[in-house]
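Participant: my questions concern the predicted model and sequence given below.
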Amino acid sequence: MKLGVNIDHIAVLRNARQINDPDPLDALGIVKRAGADQITIHLREDRRHIHDADAKAIIQNSALPVNLECSLDPEILNIVCELKPHRATLVPEKREEVTTEGGLDVLSHFGKLKLAVEQLHAHDIEVSLFIDPDLQTVEACHKLGVTWVELHTGTYANIFAMLYSNLSRSRHSVKSLEKLSKNELTKALKSSIQQLHKAATEADKLKLKVAAGHGLNYHNLDAICDITEIEELNIGQSIIARSVFSGLENAVIQMKELIK
Ligand code: PXP
């Protein structure tokens, strides 16, 4: 199973100060040396983290393939075609959301997606569709002729976080899950894994490559890694969050040395 590292959150930190430190570009070498297989970035319509110049520099300088997530917005699609990443992952985007909540509604937007996929293919860009683990949706992706589907693991991750909150913090309060008993949450977790497994199996049968991502962290990976049809995971938040603390001690030591 391959790992794509989503480095958007380095840009979140950079943008908080509106200076160029930390520069997401500096992550490329570290992520590659650490054994990752892909760099993933999301050029959002509101440019809240990765900016156009970041995307351009990352695609030009990355020794690893770059997976550029983007919405169906025509302006964004034109930029993506110009940037020519190795892969474009189409995701739904709402301005007010904190992160990508839910997969693409492929059935309702089939025509629009067909045009976007054709445009990206015409620019030799491999296409992935970020979807909820639903069989009909997987079949529609197959009809669109894309190479990849990326299964949204957010529901699984949210249930896991509610059930094992001592291990893994929920990224946002999930109102619909708050009322469930431990027993119901255990059942819901099992069902979410089964849905991911069924969707991955169906996609694999249809010769679609299968990726998965969203909300995956150092605690909830086991059940996902057991789904052998999944070839790749895209993980961002938990890796960047951990890197803050795995790097903090060294950063303080280096500053103390300079002060001395
Ligand atoms: N895959 C897709 C399509 C995403 O939109 C995101 C979030 O940007 C991720 C994976 C990574 O999710 P997380 O940051 O929760 O690991």
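Facilitator: Here it is on my side, so go on. Residues are numbered from 1 along each chain as shown.
Participant: in the one helix or strand in the chain whose mean pLDDT sits lowest, what counts as buried?
Facilitator: Lowest mean confidence among the helices and strands of the chain (mean pLDDT, DSSP states H and E): helix 175-178, at a mean of 82. Under the neighbour-count criterion of 16 or more other Cβ atoms under 10 Å, helix 175-178 has residue 177 buried. All C-beta spots, glycine's among them, are computed from the backbone N, C-alpha and C.
Participant: who are the packing partners of that helix?
Facilitator: helix 154-163 (3 or more Cβ pairs under 8 Å, 6 or more residues apart in numbering; DSSP states H and E).
Participant: which helices and strands does the helix it packs on pack with?
Facilitator: helix 175-178, helix 182-205.
Participant: the ligand is nearest to which of these?
Facilitator: Nearest to the ligand among the helices and strands packed on helix 154-163 is helix 182-205; the distance by Cβ to the nearest ligand atom comes to 13.7 Å.
Participant: what's the helix or strand for the residue in the stretch 1-150 of the chain positioned nearest to the ligand?
Facilitator: Nearest residue of the stretch 1-150 of the chain to the ligand (Cβ to the nearest ligand atom) works out as residue 100 at 3.7 Å. Under DSSP states H and E, no helix or strand contains residue 100.
Participant: for the closest residue in space to it that isn't next to it in sequence, what are its contacts?
Facilitator: Among residues not flanking residue 100 along the chain, residue 91 sits closest, at 5.1 Å (Cβ to Cβ, 6 or more residues apart in numbering). Residue 91 sits next to 42, 69, 70, 71, 100, 103, 104, 130 when contact means Cβ atoms under 8 Å, 6 or more residues apart in numbering.
Participant: again, but for residue 64
Facilitator: Counted by Cβ under 8 Å, 6+ apart, residue 64 has contacts 28, 31, 32, 36, 37, 38, 39.
Participant: could I get those as JSON lines with neighbour count?
Facilitator: Below are those laid out as JSON lines (neighbours: other Cβ atoms under 10 Å):
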{"residue": "28", "neighbour count": "21"}
{"residue": "31", "neighbour count": "22"}
{"residue": "32", "neighbour count": "16"}
{"residue": "36", "neighbour count": "20"}
{"residue": "37", "neighbour count": "16"}
{"residue": "38", "neighbour count": "22"}
{"residue": "39", "neighbour count": "27"}
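Participant: report the two of these separated the most.
Facilitator: Distance extremes for those: the farthest pair is 28 and 37 at 13.0 Å, using Cβ to Cβ.
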